[in-house]
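K.L.:
Here is the input, now give the coordinates:
(2 chains)
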Amino acid sequence: MNNMKYTITTPLYYVNDKPHLGSSYTTIACDAIARFQRLKGNTVLFLTGVDEHGQKIERTAESKNLQPQLHCDEITEKYKFLWDKLNISYDRFVRTTSKEHTSLVHQFYSNVLKSDDVYMGRQSGWYCVGCEEYKDVEENDKSPICSIHKKALEWRDEENLFFKLSKYQDQIEKLIQVDGFISPKSRKNEIINFVSKGLRDFSISRVNLKWGISVPGNSDHTFYVWFDALLGYVSGSLRDQCSPELTDESLCNWPANIHVIGKDILRFHAVYWPAMLLSAGMQTPLSVFGHGFLTREGQKMGKSLGNVLDPIDLLEYGGIDAMRWYLLRDIEFGEDGDFQLRRYVDIVNSDLSNTIGNLLNRTITMSKKWFNEKIPIDNTSLPESPLKVQSEMKINEYMESFKNNNFKNSANAIIDLANSANLYLNDRAPWKLIKDVTNKNVVAHDIYSVLESCRIIGILLNPFVPNLSSRILYQLKIDPSVIDFEQSLHWGLLNPSNGLEDPKPVMDKIEYKDS
RNA sequence: GUCAGUGUAGCUCAGCCGGUUAGAGCACAGCAUUCAUAACGCUGAGGUCGAGAGUUCAAGUCUCUCCACUGACACCA
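P.N.:
Predicted coordinates for the structure are as follows:
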């Protein structure tokens, strides 16, 4: 039952602009899942990457006086740089401008053709240049205006290739009903509602777009962004990325266990994408999770408001552990969340510095002071520490919640355990007991059980804040690279002969400053 | 416009099929205090549960109306 393949993807981010907090949020969440799965002993393929084609990018490059490819290279580097800073443990980084990807798109397309799912049609309607999309308009309206841009819409009529989405109505309806396929539930209902109204075919090519993958057999067409970008998940998960081929053998990491995406693109992943895969005779992903968006101090982030929070700035403010912890611990994954600086500082200081950091610090100090610079050996026949029971309970909660991508609850389970350990210390007051030498065994028992709790906390923290987790484990002289849930989460594994590092605060406090 | 969801202490949220003085964590105040990162602990202050009406012996919890916010309503990465 162990050692299963687990494939997880972030969205392939559109390289129109540098990465923002939203994409960092998604990627951090995926990283937590990937690390969690690895600790469970699964073989994880954690895939991220960028979507580089499309008119918007073509234009952005033009406005910067750059070749599109150079512009893409530039932005791609920023993504990689940021993921590095955030300690994102991705295994592969897909670029849709790579040769391999192009080849895969062509193969996939030919399979879809074989299923007779493509036809030439006309896309006509009122088009907004600003939105780059066709708008639904009241039938009688002869001069419609875009509600967003307040500009007149243009009538456009162009030749496009269409994909027969409608053919898959029944299969998609069944698929989206499957329990756990779409999360969270509220979004699932929206998709079901949407699909029940009847699926229409959608266009998969454009004629006046150069910056894209050419359509074989229709040289003046390029693939429309979705038909191109979604396939990045496949090209990135192939066994051999250098010579991509759609064979059972090379598809060993497919289907993805989970696509984590923002709620805005849920429909494409939960409806269009599975249909495309069905058409090509491939397996559909096992689940799709559409998370919420972040606002800042109650307001939408946007360029026009000038309140965009740059992930790099945030990183410099509180550090990587703070940023990861806050996003995973305080925001309900799936719901929209609000970033508040005051709260950010409070939560991080309280949880990581005061509750966890201080617990480790005070306990190591006591241990070293009274037990010859070491971890005490618990050779008493005292009843089991209540912390053992508590930790087992909290490990359970943590696991259950994490399975459902409920990071908040998992994080709370860790904090609960740390709180219990702090309370236990206050209750037992080893600093008083130790004054009487005959109590030494009792104190050993107490200190050991708190240190053991710290070890477990350190391990459980890994998917959330890998750096802090390592710092904690280092102080307990445990090699963080060899931890594993199955092996490491049993009570009593802390080895007294290992010794302890000198206590140093593992988490500095963030100073709140209005900015 | 239609449909769905949300609105509970300063902040983030629990409150199941209606039932005693509405809960937690954080923030704040006081006390205590060193084993510890002005940390841990204890105590406390904080809410007309969005507004109004109704059903009921009894409503945060059910019904209706209204207000505010969010989302979906097909090609927006």
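K.L.:
Provide a list of residue ranges in the stretch 51-200 of chain A with pLDDT below threshold.
P.N.:
By pLDDT under 70, the low-scoring segments of the stretch 51-200 of chain A are A:128-153.
K.L.:
again, only using 90
P.N.:
Counting by pLDDT under 90, the ranges of the stretch 51-200 of chain A that qualify are A:54-60, A:121-160, A:179-180, A:183-190, A:192-193, A:196-197.
K.L.:
ranges for the helices of it?
P.N.:
Ranges of helices within the stretch 51-200 of chain A are A:55-63, A:68-85, A:99-114, A:169-177, A:185-196, based on DSSP state H, counting those that start in this stretch.
K.L.:
and of these, who's closest to RNA strand B?
P.N.:
Proximity to RNA strand B (Cβ to the nearest atom of the strand) singles out helix A:185-196 among those, at 4.5 Å. Placement of C-beta: from N, CA and C, glycine included.
K.L.:
buried set for the closest one?
P.N.:
A:R187, A:K188, A:E190, A:I191, A:V195 (16 or more other Cβ atoms under 10 Å).
K.L.:
residue ranges for the helices of the stretch 351-500 of chain A, please.
P.N.:
Counting by DSSP H, counting those that start in this stretch, the stretch 351-500 of chain A has helices at residues A:358-370, A:386-403, A:407-428, A:430-433, A:440-460, A:466-475, A:485-488.
K.L.:
Return the most buried member of these.
P.N.:
Per-residue neighbour counts averaged over each of the helices of the stretch 351-500 of chain A give the maximum for helix A:440-460, namely a mean of 24 (mean count of other Cβ atoms under 10 Å).
K.L.:
by how many degrees do that helix and helix A:407-428 diverge?
P.N.:
Helix A:440-460 and helix A:407-428 meet at an angle of 170 degrees, taking axes from the mean of the first three to the mean of the last three Cα atoms, to 10 degrees as the criterion.
K.L.:
ok, stretch A:216-224 near RNA strand B or not?
P.N.:
Yes. With Cβ under 7 Å from any atom of the strand as the threshold, stretch A:216-224 lies in contact with RNA strand B, specifically through A:Y224.
K.L.:
Convert that stretch to PDB, retaining C-alpha atoms only.
P.N.:
This file holds the C-alpha atoms of stretch A:216-224, laid out as PDB (Å, rounded to 0.1, in the frame of the first residue of the first chain):
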ATOM      1  CA  PRO A 216      -0.500  20.400 -38.400                       C
ATOM      2  CA  GLY A 217      -2.400  20.500 -41.700                       C
ATOM      3  CA  ASN A 218      -3.600  24.000 -41.200                       C
ATOM      4  CA  SER A 219      -0.500  26.100 -41.400                       C
ATOM      5  CA  ASP A 220      -2.200  29.400 -40.800                       C
ATOM      6  CA  HIS A 221      -3.600  28.200 -37.500                       C
ATOM      7  CA  THR A 222      -2.000  28.000 -34.100                       C
ATOM      8  CA  PHE A 223      -3.400  26.200 -31.200                       C
ATOM      9  CA  TYR A 224      -5.500  28.200 -28.800                       C
END
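K.L.:
which residues are contacting it?
P.N.:
Residues from elsewhere that reach stretch A:216-224, judged by Cβ atoms under 8 Å, 6 or more residues apart in numbering: A:53, A:105-106, A:109-110, A:160-161, A:203-207, A:209-215.
K.L.:
what about 10 Å?
P.N.:
When contacts are taken as Cβ atoms under 10 Å, 6 or more residues apart in numbering, the neighbours of stretch A:216-224 outside the stretch itself are A:53-55, A:96, A:102, A:105-110, A:113, A:118, A:120, A:123, A:159-161, A:163, A:202-215, A:228-229, A:231.
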